[in-house]
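1. Fold the following, please.
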Amino acid sequence: MLVLLARMTSVEPAVYRDRDFSIYLSSRFLTTIAMQVQSVAVGWQIYGITHSAMSLGLVGLCQFVPMFLLTLPAGDVADRFDQRRVLSLSLFALGLCGMFLLVFTWVYPGRVGPFYAVLVLFGAARGFAGPASQSLMPFLIPKEKLPRAIAWNSSALQIAVIAGPALGGLLYVWGSATAYIACAVCFLAAGAGQASLGGRRREPGAGVATTAIARVAEGVRFVRVRPIILGAISLDLFAVLLGGATALLPVYARDILHIGPIGLGLLRSAPAVGAATVGLLLGRRPIQRHTGRRMFATVALFGAATILFGLSTNFYLTLGALVILGGSDMVSVFIRQSLIQTATPDAMRGRVSAVSVLFIGASNELGEFESGVTAAWFGTVPAVVIGGIGTLAVVTLWMWLFPPLRRVDRLSDVAA
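-> This is a model prediction of the structure:
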């Protein structure tokens, strides 16, 4: 897989042949596969028990709350301790969650409460894994190769997002227990891989404040006083929050499109098809000019694709809308990650990554809860359409609130 991606993205052989980066990327690939399989299995199983859109929203809320509470402190942990150890322990905890889901499937097959409890633990482990994982790559890759490595890493993860939901739907046909066993194995293997990484180490104590609260505040302040970074992160936050309608895919698969769990897996894979395609193109032709304007344009396209998805009652049109949605989101992700990695010093990578994970990663789960609530209030289709319109409104407002982001031409213009 790594060699194929390298050929498609023109990444220099020294990058993908490097032992540490290969293990890092392979472990992240396995982690993403497992998360996607688990998402399909949990969503389908809980909706099958409750037949309630609100129950799907609670799946996101149970993960969001611990992520929201723990991500910023986890960034400080990633800056104070070895990210490799923090990441591997977090992945082992995710594997333990997969085992719990397996046990509760056998012991409590008709109850959702135990599943929600496991998802709280799952969100807590993700809260620690996110900052450690995002801050680790610059210590494995030379600075001059980092932009292409970011594009390559994003493409590989999107390929996992393509394969994961489809695999999840297939495994669920054989039973939810099969899906949860596969998840646990992938998480544990990924944790073992991350524990074996070498690479450059951070200088001990460099630039670290004296107390935990002060250290966390330092990371938040770093982002807050840089309007370009703050604008990019917050734009993604509200776009995902309002346009995060993928939580309602089980409703579309079961009640609107009538396509079953395998069809649900294909729907969940569709955004990643668009994202992976765009990521591979970015690997060959990274964005050179008009960066800010392109970011706003693609987020607007994301909102428009969300509206189309919400209104569609045709399976293939829905797939197409989701592909466009994922491709447009990939451009925003690439720009945001490049801005953060380029402008952040080593001593603060964990805390700044934590702010990014809190804004973007946790907003996925909060967006799922928002979609579930609005679907319960207004109906599934109106909820999705309202989210897409809200995304377009946010793009307009952010262009006015963050003119420095709109005027960014080259990524190198914002280097630290």
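
2. how about the helices in the stretch 151-300 of the chain?
-> For the stretch 151-300 of the chain, helices defined by DSSP state H, counting those that start in this stretch occupy the ranges 176-195, 212-224, 227-243, 249-251, 260-284, 291-311.

3. Out of these, which one sits most buried?
-> Compared across those, helix 249-251 shows the largest average neighbour count, a mean of 27 (mean count of other Cβ atoms under 10 Å). Backbone N, C-alpha and C define where each C-beta goes, glycine included.

4. From the chain's centroid, how far away is that one?
-> Taking the mean of its C-alpha atoms, helix 249-251 sits 19 Å from the chain's own mean (Cα atoms, centre = their mean, to the nearest Å).

5. where in the protein is pLDDT low?
-> For the chain, the stretches with pLDDT under 70 are 1-18, 143-144, 147, 199-210, 243-245, 283, 361-369, 411-416.

6. Which positions in the top helix by length along the chain come out as buried?
-> The longest helix of the chain (DSSP state H) is helix 19-50. Buried positions in helix 19-50, judged by neighbour count with 16 or more other Cβ atoms under 10 Å: 20-47.

7. Quick check: L257 touching L317?
-> No: at 10.2 Å, L257 does not count as touching L317 under the criterion of Cβ atoms under 8 Å.

8. Neighbour count: the two, which is higher?
-> Neighbour totals were compared for L257 and L317, and L257 leads with 19 against 13 (other Cβ atoms under 10 Å).

9. got a list of what that one touches?
-> Counting by Cβ atoms under 8 Å, 6 or more residues apart in numbering, L257 touches G263, L267, T313, F315, T318.

10. Likewise for I162?
-> Counted by Cβ under 8 Å, 6+ apart, I162 has contacts S269, A272, V273, A276.

11. ok, so what distance separates the residue nearest to it when sequence neighbours are not counted from L70?
-> Setting aside the residues directly before and after it, I162 is nearest to A272 in space (Cβ to Cβ, 6 or more residues apart in numbering), at 4.2 Å. The spacing between A272 and L70, counted by Cβ to Cβ, to the nearest Å, is 27 Å.

12. got it, and A270?
-> Taking Cβ to Cβ, one finds A270 at 31 Å from L70.

13. same check, this time on V223
-> Look at V223 and L70: by Cβ to Cβ, they are 18 Å apart.

14. what's the answer for T31, then?
-> For T31 relative to L70 (Cβ to Cβ), the value is 18 Å.

15. go on, L264?
-> 30 Å.

16. can you check V278 too?
-> V278 sits 31 Å away from L70, going by Cβ to Cβ.

17. tilt between the host helix or strand of L146 and helix 260-284?
-> Applying DSSP states H and E as the criterion places L146 in helix 146-173. Interaxial angle, helix 146-173 versus helix 260-284 (axes from the mean of the first three to the mean of the last three Cα atoms, to 10 degrees): 170 degrees.

18. Counting neighbours, which bits of helix 146-173 end up buried?
-> If you call a residue buried by 16+ other Cβ under 10 Å, then helix 146-173 has these buried ones: 146-172.

19. and L325, what is it in contact with?
-> Contacts of L325 by Cβ under 8 Å, 6+ apart are G243, P271, G274, F302, A305, T306, F309.

20. can you rerun that using 7 Å?
-> For L325, the contact set (Cβ atoms under 7 Å, 6 or more residues apart in numbering) comprises P271, G274, F302, A305, T306, F309.
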